[in-house]
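A.B. asks: Mind looking at a prediction? Sequence and model below.
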Amino acid sequence: MSSNPAYFISELSEKKRVAEDCYTLFFESEIEAIPGQFFMLWIPGVDEIPMSVSHIEKKSIGITVKIVGEATDTLCSLQVGNRIRIRGAYGRGFDLRGGEVILVAGGVGSAPLLPLASSLIEKDCRVIAIIGAKSERNLVHVQSFENIGAETMIATDDGSSGYHGTAARLFSDIFEDRKFDSVYCCGPEPMIVSVIETAERKKLWGQAAIERFIRCGIGICGSCAIEDKLVCRDGPVFNFNELKNLIGFGSR
Amino acid sequence: MPRIPIENVDLRVKIKEMEMRNPLMLASGILGETADLLIAAYEAGAGAVVTKSIGSEPREGHRNPTIFQYPFGLLNAMGLPNPGIDEFEKEMEKLKRSEAVVIGSIFGLNSNEFVFLARKMEGFGAIALELNLSCPHAEGVGAEIGSDPSTVREIVSSVVATVHIPVFAKLTPNTSDIVALGQAAQEGGASAVVAINTVKAMAVDPYLGKPALGNVFGGLSGNAIKPIGLRCVYELYDSLTIPIVGVGGIASGIDVAEYLMAGAFTVQIGTLIQTKGLKAFSELRRELEEFMRAEGFKNLSEIRGAAHE
């Protein structure tokens, strides 16, 4: 429902708490997306923010939102039946490579990797997902990764669940006795930087989905620029070899 | 007409000491906050690039939504986000080391602030200045001061008295008399006027019952405003002697030709970058060259103002 082809007016059809201060919201919508892409969501009277797609279904899409400020707080307070305006999907999604694939997620960074895992498994890839968080209560989508058939490993900074340490560290350790064809990652920038270093040492191809303040979402305002790359248009998914050459990346 | 097709066309153009390899400039506000993107636009084929409008202090701009997409154009209320003139120096340093022809855009509350910014921009190596006297969605600056001819004259003449590089005045179409603004800029000593900035407009979302932009009002650009831009350029050409830089809804080389025929000396490209990306520059150039060859125009001075004859 919309008077304008660029926009989808969508109703919240389901809301699930998935971790501390973190919810998955489903919207009934015909909007199409591929894993790694993002939407611009207008929360009327508050803000318009970018959110990556975490669930892609025939008649609905899902996003996973961590409450970090007024806009995400208002978004997570929406009730089933409330309307919102969505535009997108925008940006470059993940490229699917076959074989044995490892995913490395930090915090709510597991959200864009979940539909990627589904797509990879549909392509008969073997998927191992390292899901990291500060603590057990911050782990996002562990059960969902298991449900779709990914082998799941947990890492927590405080050791409250699984491996005691960061997801990036576990990723580096795991090479002791395993080999992979590709790696995909999403999470805090220092984690991505560390995963890129390990992957480079192991000569492993990889991609990461990154985050920046996005205003227009359509490649004209330049707010999300890192050097000559626009995160909204050239990303948010980048190859590791692109990221390691971007001087402005890894500083936050 | 009919005309005799020719082989070679010359797209070079010069305003005062500013030489351009073609008349296609990147408009202010589009990708202009970082040196890397401005250089990329130049390398993609722009004849010159205009920076985002820079003020004295860092400024976040309006809250999102800052854009609304119509099928026929783009509405924006960015609210002049910029890092502030001091922070922008390092981008200008990088630009200075490149080949790019860079026009520094500035905005201020009054002539003192414009003079302060103009000095800095000139010092940073800008080849010309564009004074933003026309942003339709920021309080106390832009069109709010640029709609009054005497203010335009005062600001332009203060800046012209201060710097040695060409000064362009970017005019607002949100006035009953753009010619009066153009004349004021010319009297103030401007080397050129730039017409037009966006047309003040808004959008309402009928399903959510609210204005669709965070700032309620914004500026419309793109296809929808091409006829307005053409009209303004045509009117200005009839009464000014200084060059006019035509802007508004250019989406093809034919559109460029139309602006030139209306009297534009050069043109600027903005919203088209959304759909085409930076390859817009090479496409427009090729289309303009094809049109000029087929119609027998050897250079820009032959085509310029043709619609007035």
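C.D. replies: Happy to help now that I have it. Numbering: from 1, shown residues only, chains lettered A, B, ... in the order given.

A.B. asks: Provide the backbone phi and psi angles at the residue nearest to B:E235 when sequence neighbours are not counted.
C.D. replies: Setting aside the residues directly before and after it, B:E235 is nearest to B:V179 in space (CB to CB, 6 or more residues apart in numbering or on different chains), at 5.4 Å. C-beta coordinates here come from the backbone N, C-alpha and C atoms, glycine included. The phi/psi pair for B:V179 (degrees, to the nearest 10) reads phi -60, psi -40.

A.B. asks: surely B:V179 meets B:Y237?
C.D. replies: No. Contact criterion CB atoms under 8 Å: B:V179 and B:Y237 do not qualify, at 10.0 Å.

A.B. asks: In terms of neighbours, single out the busier of the two.
C.D. replies: Under the neighbour definition other CB atoms under 10 Å in any protein chain shown, B:V179 and B:Y237 were set side by side, and B:Y237 has more, 23 against 16.

A.B. asks: isn't there a helix covering the more buried one?
C.D. replies: Yes. Residue state for B:Y237 (DSSP: H, G, I helix; E, B strand; the rest coil) corresponds to a helix.

A.B. asks: Next, work out how far apart it and B:L272 are.
C.D. replies: For B:Y237, the distance to B:L272 equals 23 Å [CB to CB, to the nearest Å].

A.B. asks: what does B:R63 give?
C.D. replies: According to CB to CB, B:R63 and B:L272 sit 26 Å apart.

A.B. asks: The two: which is more packed in?
C.D. replies: Counting neighbours by other CB under 10 Å for B:R63 and for B:L272 shows that B:L272 has the greater number, 23 against 16.

A.B. asks: How many residues are close by A:F213?
C.D. replies: Count around A:F213 with other CB under 10 Å applied: 11.

A.B. asks: Confirm it sits in a helix?
C.D. replies: No. Under three-state DSSP, A:F213 sits outside any helix and is assigned coil.

A.B. asks: Report the contact partners of it.
C.D. replies: Residues near A:F213 by CB atoms under 8 Å, 6 or more residues apart in numbering or on different chains: A:S223, A:C224.

A.B. asks: and B:E302, how far is that from B:V194?
C.D. replies: The value you get for B:E302 to B:V194, if CB to CB is used, is 23 Å.

A.B. asks: again, but for A:V68
C.D. replies: For A:V68 relative to B:V194 (CB to CB), the value is 40 Å.

A.B. asks: Tell me which of these two has more neighbours.
C.D. replies: Higher neighbour count among A:V68 and B:V194: B:V194, with 31 against 11, using other CB under 10 Å.

A.B. asks: Please list all residues in contact with the more buried one.
C.D. replies: Here B:V194 is in contact with B:E130, B:F168, B:A169, B:K170, B:L171, B:I244, B:V245, B:V247, B:Q268 (criterion: CB under 8 Å, 6+ apart).

A.B. asks: Tell me which of these fall in strands.
C.D. replies: B:E130, B:F168, B:A169, B:K170, B:I244, B:V245, B:V247, B:Q268 (DSSP state E).

A.B. asks: and which of the residues you listed is nearest to chain A?
C.D. replies: For the ones in strands among the contacts of B:V194, the closest approach to chain A (CB to the nearest CB) belongs to B:Q268, at 13.5 Å.

A.B. asks: Wait, that closest one touches B:V247, no?
C.D. replies: Yes. Under the criterion of CB under 8 Å, B:Q268 makes contact with B:V247 at 4.1 Å.

A.B. asks: Please identify every residue contacting each of the two.
C.D. replies: Joint contacts of B:Q268 and B:V247 (CB under 8 Å, 6+ apart) are B:A27, B:V194.

A.B. asks: Please name the nearest non-neighbouring residue to A:E14.
C.D. replies: Leaving aside its sequence neighbours, A:E14 sits nearest to A:F26 (CB to CB, 6+ apart; 4.2 Å).

A.B. asks: what about the one you found, which SS state?
C.D. replies: A:F26 is classified as strand under three-state DSSP.

A.B. asks: how many neighbours does it have?
C.D. replies: Neighbours around A:F26, by other CB under 10 Å: 21.

A.B. asks: Return the distance of it relative to chain B.
C.D. replies: A:F26 is 19 Å from chain B, where distance means CB to the nearest CB, to the nearest Å.

A.B. asks: now swap in A:R212 and tell me
C.D. replies: Separation of A:R212 from chain B (CB to the nearest CB): 12 Å.

A.B. asks: what's the burial count for that residue?
C.D. replies: 19.

A.B. asks: give the contact list for it.
C.D. replies: Contacts of A:R212 (CB under 8 Å, 6+ apart): A:S223, A:C224, A:I226, A:V231, A:C232, A:P236.

A.B. asks: Now do the same for the fourth one: its pLDDT.
C.D. replies: For A:V231, the model assigns a pLDDT of 95.

A.B. asks: Over to A:R92: give its phi and psi.
C.D. replies: Taking degrees, to the nearest 10 as the convention, A:R92 sits at phi -90, psi 130.

A.B. asks: show me the contacts for it.
C.D. replies: A:G36, A:Q37, A:R233, A:D234, A:G235, A:P236, A:V237, A:F238.

A.B. asks: any idea how far stretch A:179-189 is from the chain center?
C.D. replies: Distance of stretch A:179-189 from the chain centroid (CA atoms, centre = their mean, to the nearest Å) equals 12 Å.

A.B. asks: list the buried ones in that stretch?
C.D. replies: A:F180, A:S182, A:V183, A:Y184, A:C185, A:C186, A:G187, A:P188, A:E189 (16 or more other CB atoms under 10 Å in any protein chain shown).

A.B. asks: Out of these, which sit inside helices?
C.D. replies: A:E189 (DSSP state H).

A.B. asks: Output the buried residues of stretch A:179-189 as TSV; include the columns distance to chain B.
C.D. replies: Below are the buried residues of stretch A:179-189 laid out as TSV (distance: CB to the nearest CB, whole Å):
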residue	distance to chain B
A:F180	33
A:S182	28
A:V183	28
A:Y184	26
A:C185	25
A:C186	22
A:G187	24
A:P188	23
A:E189	19
